[in-house]
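Asker: predicted model, plus sequence, below.
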Amino acid sequence: MMGLELDPAVRWTLAGIFGLLILASIVVSLLNRSAERDLSELRQRINTWWIMVSVFGLAMVLSRTFSLLFFGFVSFLAIKEYFSLIPTRRADRRVLFWAYLAIPLQYYWVYAEWYGMFIIFIPVYCFLLLPVRMLLVGETDGFLRAIGTLHWGLMTTVFSLSHAAFLLVLRHETPNGILAGPGLMLYLVILTQLNDVAQYLWGKSIGCDKIIPKVSPNKTWGGFLGGILTILILAILLGTILTPMNTWQSALAGLIISMGGFFGDINISAIKRDLGIKDTGTLLPGHGGILDRVDSLTYTAPLFFHYIYYLFPWHTFGSHGIL
Amino acid sequence: MHQDRLAGVGTALEVGNIVIIFPEGSRGNPEQLSQFKSGVAHLARRYPTVPVYPVFIHGLGKTLPKGEALLVPFFCDIFVGEPLYWNGDKFRFMAELSQRMNNLAAEGQFPAWQ
């Protein structure tokens, strides 16, 4: 059954991403021949894109389970990076271990298509139980900071990101046929990542005033508005192919993803400022750390998920009842 | 006795192998450099042409401190410095090695961990 569960629209869109990457690689090598500027970071960035897109595409083509494992692994790397960046207490080693265990459980709820548990596991059960584990250690010095930063990390890197994975198990029957989750997930991920790229490119080319220079000196009104416009157009074009949304619904989805992505991005920027670091890591050459790459997704995934969840009566693959 | 212990290391160096030494001798308090043992200085004196690369590792103590059985994942950092050579005196060599190691540690920016 390799890859057979993906719609032709999803497969063509995946092929389209590779086309875009080939185009980017050609443009950069042409620029490299003519320009005197140093493009090594841009080249490195695109090379890393190749690897990320290949792994992501492969997971999608292999099966839904592989896609879920992919997102689970991204959550793991993100929270590991987060735990390595923030001040932690030696006494809390075992509490952090329990927090790591939340990852396989959270993605298991997705795999089992158990929406009720998926949506409360981290905000309710982890929120209540991790402090209990921490209390058993008995160290009250810095308790609030320790449990606060721990829960914030779980919400951002596991709960939020797992919404992108939950899209994969959604199914909706329209008069024209069945529309399934992989298209929704691809729609979210493509638009979120292209929003980053579009905001960066518009910011570099037209720029204008800085929006919040104290948090992120590279964010300009030109980049922000150019990004919104670009994503609005792409959201409408891809919305009819990959999702059951009409033009207006797609446009609003584009707006949600573009603005949500912006705030997700500067949210992580603020944390980097607070910790006095430039990048969250060195895992992705040219991009920084994994948190630098998924920062926007931590906002767009839950926002887009609840938007589309509200719009249509969804089923999962295993059950026929409405979620 | 001391000479014999280093004999195996000597043969390895003579055939051009890479030898890795943990000069702290053991895992001490996690994420705290302890006083280096001087075995590395004896080796450097015996093989003055062999480069000694200081390598500083951060994060392993958080991941698996001495006495703990449970591994908790953290990203670890490894800093590799410029090589140093035997400089004629054991104490001066050890002082230089410590200095280089402290310089490497200062390059990193590590969050508090207590």
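Answerer: It's in.

Asker: how about the contacts made by residue B:46?
Answerer: By CB atoms under 8 Å, 6 or more residues apart in numbering or on different chains, residue B:46 lies in contact with B:6, B:10. Backbone N, C-alpha and C define where each C-beta goes, glycine included.

Asker: let's see the pLDDT reported for it.
Answerer: pLDDT for residue B:46: 92.

Asker: who touches the helix or strand residue A:230 falls within?
Answerer: Assigned by DSSP states H and E, residue A:230 falls within helix A:221-242. By CB under 8 Å, 6+ apart, the residues outside helix A:221-242 that reach it are A:9-10, A:13, A:183-184, A:186-187, A:190-191, A:194-195, A:198-211, A:245-247, A:249-251, A:253-255, A:257-259, A:261-262.

Asker: show me the strands in the chain, by range?
Answerer: Picking chain A for this. Using DSSP state E, the strands assigned to chain A run over residues A:170-174, A:177-180, A:315-316.

Asker: let me rephrase: I mean chain B.
Answerer: Using DSSP E, strands in chain B cover B:55-58, B:77-80.

Asker: export the ones you listed to CSV and tack on mean neighbour count, mean pLDDT and distance to chain A?
Answerer: CSV is the format used below for the strands of chain B (neighbours: other CB atoms under 10 Å in any protein chain shown; pLDDT from 0 to 100; distance: least, CB to the nearest CB, whole Å):
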stretch, mean neighbour count, mean pLDDT, distance to chain A
strand B:55-58, 16, 93, 10
strand B:77-80, 14, 94, 9
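
Asker: now render those strands as CSV, adding distance to residue A:306.
Answerer: Shown next, in CSV, are the strands of chain B (distance: least, CB to CB, whole Å):
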stretch, distance to residue A:306
strand B:55-58, 40
strand B:77-80, 38
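
Asker: which residues does residue A:174 contact?
Answerer: residue A:244 are the contacts of residue A:174 under CB under 8 Å, 6+ apart.

Asker: state the pLDDT value of it.
Answerer: Predicted confidence (pLDDT) for residue A:174: 75.

Asker: which strand residues bridge it?
Answerer: residue A:177 (DSSP bridges).

Asker: just the buried positions in the worst-scoring helix or strand of chain B on mean pLDDT, please.
Answerer: None of the helices or strands of chain B scores lower by mean pLDDT, DSSP states H and E than helix B:2-14, at a mean of 80. Going by neighbour count (16 or more other CB atoms under 10 Å in any protein chain shown), the buried part of helix B:2-14 is B:9, B:13.

Asker: again, but for stretch A:257-272
Answerer: A:257-262, A:264-269, A:271-272.

Asker: check stretch A:211-227 too.
Answerer: Residues A:211, A:215-216, A:218-220, A:222-224, A:226-227 are the ones in stretch A:211-227 that count as buried (16+ other CB under 10 Å).

Asker: end to end on that stretch, go ahead and measure it.
Answerer: Taking CA to CA, to the nearest Å, stretch A:211-227 runs 14 Å from one end to the other.

Asker: contacts only, for residue A:263.
Answerer: Residue A:263 neighbours (CB under 8 Å, 6+ apart): residue A:299.

Asker: mind listing what residue A:89 touches?
Answerer: Applying CB under 8 Å, 6+ apart, the residues near residue A:89 are A:139, A:141-142, A:146, B:113-114.

Asker: among those residues, who's most crowded?
Answerer: residue A:146 (24 neighbours; other CB atoms under 10 Å in any protein chain shown).

Asker: per-residue confidence at that residue?
Answerer: 95.

Asker: mind listing what the residue nearest to residue A:165 when sequence neighbours are not counted touches?
Answerer: Leaving aside its sequence neighbours, residue A:165 sits nearest to residue A:71 (CB to CB, 6 or more residues apart in numbering or on different chains; 4.0 Å). By CB under 8 Å, 6+ apart, residue A:71 lies in contact with A:107, A:161-162, A:164-165.

Asker: what's the local residue count around residue B:50?
Answerer: Residue B:50, neighbours per other CB under 10 Å, totals 16.

Asker: residues contacting it?
Answerer: Residue B:50 neighbours (CB under 8 Å, 6+ apart): B:13, B:43-44, B:85.

Asker: of the residues you listed, grab the buried ones for PyMOL.
Answerer: In PyMOL, this line selects whichever of these come out buried by 16+ other CB under 10 Å:
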select buried, chain B and resi 13+43+44
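
Asker: among the contacts of residue B:50, which pair sits farthest apart?
Answerer: Across the contacts of residue B:50, the longest distance by CB to CB is 13.4 Å; it joins B:13 and B:85.

Asker: all helices in chain B, in order from the N-terminus.
Answerer: All helices of chain B, identified by DSSP state H, fall at B:2-14, B:39-46, B:60-63, B:90-107.

Asker: between helix B:39-46 and the first one, find me the angle.
Answerer: The directions of helix B:2-14 and helix B:39-46 differ by 60 degrees, with axes from the mean of the first three to the mean of the last three CA atoms, to 10 degrees as the criterion.

Asker: pull the residues that contact helix B:2-14.
Answerer: B:19, B:21, B:39, B:42-43, B:46-47, B:50.

Asker: what of the shortest one?
Answerer: Among residues not part of helix B:60-63, those counted as contacts by CB under 8 Å, 6+ apart are A:88, A:90, A:93, B:27, B:29-32, B:71-74, B:76, B:113.

Asker: off-centre distance for that helix?
Answerer: When C-alpha coordinates are averaged (CA atoms, centre = their mean, to the nearest Å), helix B:60-63 and its chain have centres 16 Å apart.

Asker: cool, the second one as well?
Answerer: Relative to its chain's centre, helix B:39-46 lies at 13 Å (CA atoms, centre = their mean).

Asker: of the contacts of residue B:50, closest to chain A?
Answerer: When those are compared for distance to chain A (CB to the nearest CB), residue B:85 wins out at 30.2 Å.

Asker: how close does that closest one sit to residue B:94?
Answerer: Residue B:85 is 14 Å from residue B:94, where distance means CB to CB, to the nearest Å.

Asker: picking up where we left off before, residue A:78: which of the helices of chain B is closest?
Answerer: helix B:60-63 (17.5 Å).

Asker: could you export that closest one as PDB, CA atoms only?
Answerer: Extracted in PDB, the C-alpha atoms of helix B:60-63 (Å, rounded to 0.1, in the frame of the first residue of the first chain):
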ATOM      1  CA  LEU B  60      27.000  15.000  29.500                       C
ATOM      2  CA  GLY B  61      26.800  15.700  33.200                       C
ATOM      3  CA  LYS B  62      23.200  16.900  32.800                       C
ATOM      4  CA  THR B  63      22.400  13.900  30.600                       C
END
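
Asker: near chain B, which residues of chain A? Just list them.
Answerer: A:76, A:80-81, A:83-90, A:93-94, A:96-97, A:100, A:275-277, A:281 (CB under 8 Å from any CB of the partner chain).
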